[in-house]
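A.B. asks: okay, predicted coordinates and the sequence, questions at the end:
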Amino acid sequence: MSRSGRARWALITGAAHRIGAHLARTLAAHGYGLHLHTRTRGLTPLAQTLHQQHATPVITHRVDLSDRTATHHWARTLATGPQPPDLIVNNASPFPAPHRIDDLAALDEGLAVHLIAPTQLYAALPDHGGHVVHLLDARLPLLDSLRPGYELSKHTLAAHTLLAARQLAPRIRVNALAPGLVLPPPGHDQEHLEHLATTRAPLQTPARLDDMGSALLFLDHVTSVTGQIIHIDGGEHLGPPLEKPHLVAPDGVAD
């Protein structure tokens, strides 16, 4: 329940597919009302399924988050509507083809969707405040450098998470999830994902979609947590698995 005593409502951007859709299913199963966002189409089947399975009230929204004016008006409409979101999950994310560092169009798009729009959406929260969870990327510390527009804007959102958590407290909590290998890349299967995990994650296994849902629920339920970034990645943010040398324990016994 929200502080006002009504059922808790959540907004998920980029909710039509993949992680966003799974987070919507998770929150629906736990009694949240849902605002589901997409830039294009594709939310109707998900909304119908959630309503049928959980009697979840669902409101769908179609907004281009790179349009500052449209996003500003949308945030105000949400805040003044009958069901303002108590939880905002900023999941929407353009993932461009590899590009040069001076591709300003890619940088503009990344910053617009990953930083500017999430910042504007704080205004959608009710007067008593709420909780915002940003979606980052576990590989940010590794600097792939293939998609600077994506990486730089996600790095900026990571820093923003910490700054906002401090400045907006106590009214608003701000946290983040940083998924790694959770779903196969488009066009690939689970076997491909598992192979990637053996080479990129110290635990050598992909994360589970259910781990993402559990982490989101943890952050939303534990109200003393703010300014945290949780990596759901099998340790991928630490770097690839070590090729461990022959180790000798302090007592001289070989490991």
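C.D. replies: All right, it came through fine.
A.B. asks: hey, where'd the strands end up in this protein?
C.D. replies: 9-12, 33-38, 58-62, 87-90, 130-135, 172-179, 229-232 (DSSP state E).
A.B. asks: residues in contact with the closest residue in space to V63 that isn't next to it in sequence?
C.D. replies: Leaving aside its chain neighbours, V63 sits nearest to W74 (5.0 Å; criterion: C-beta to C-beta, 6 or more residues apart in numbering). Any C-beta I mention is one placed from the backbone N, CA and C, and that applies to glycine too. Contacts for W74 (C-beta atoms under 8 Å, 6 or more residues apart in numbering) come out as H61, V63, A124.
A.B. asks: follow-up on the earlier one: so which of the strands of the chain gets nearest S214?
C.D. replies: Ranking the strands of the chain by proximity to S214 (C-beta to C-beta) places strand 229-232 first, at 8.9 Å.
A.B. asks: the closest one pairs with which strands?
C.D. replies: Next to strand 229-232 in the sheet, as set by DSSP bridges, lie strand 172-179 (parallel).
A.B. asks: give me the angle between the strand it pairs with and strand 130-135.
C.D. replies: Relative orientation of strand 172-179 and strand 130-135, computed by axes from the mean of the first three to the mean of the last three C-alpha atoms, to 10 degrees: 20 degrees.
A.B. asks: now strand 172-179: mean pLDDT?
C.D. replies: The average pLDDT within strand 172-179 is 99.
A.B. asks: quick check: which helices or strands does the top helix by length along the chain pack against?
C.D. replies: Longest helix in the chain by number of residues (criterion: DSSP state H): helix 148-168. Secondary-structure packing of helix 148-168 (3 or more C-beta pairs under 8 Å, 6 or more residues apart in numbering; DSSP states H and E): helix 104-111, helix 117-120, strand 130-135, strand 172-179.
A.B. asks: what mean pLDDT does the shortest one get?
C.D. replies: This means helix 117-120. 98.
A.B. asks: show me what that helix is packed against.
C.D. replies: For helix 117-120, the packing partners by 3+ C-beta pairs under 8 Å, 6+ apart come out as helix 68-80, strand 87-90, helix 148-168.
A.B. asks: quick one: contacts of that helix?
C.D. replies: Contacts for helix 117-120 (C-beta under 8 Å, 6+ apart): 13, 65-66, 68, 71-72, 75, 88, 90, 92, 132, 134, 157, 160, 164.
A.B. asks: quick one: low-confidence ranges for the stretch 1-150 of the chain?
C.D. replies: 1-6 (pLDDT under 70).
A.B. asks: follow-up on the earlier one: tell me the most buried of the helices and strands packed on helix 117-120?
C.D. replies: strand 87-90 (a mean of 26; mean count of other C-beta atoms under 10 Å).
A.B. asks: which secondary structure elements does that strand contact?
C.D. replies: Counting by 3+ C-beta pairs under 8 Å, 6+ apart, strand 87-90 packs on strand 9-12, helix 18-29, helix 117-120, strand 130-135.
A.B. asks: let's have these in CSV, adding mean neighbour count and distance to P148.
C.D. replies: Listed next are the helices and strands packed on strand 87-90 as CSV, based on neighbours: other C-beta atoms under 10 Å; distance: least, C-beta to C-beta, whole Å:
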stretch, mean neighbour count, distance to P148
strand 9-12, 27, 27
helix 18-29, 22, 23
helix 117-120, 21, 19
strand 130-135, 24, 19
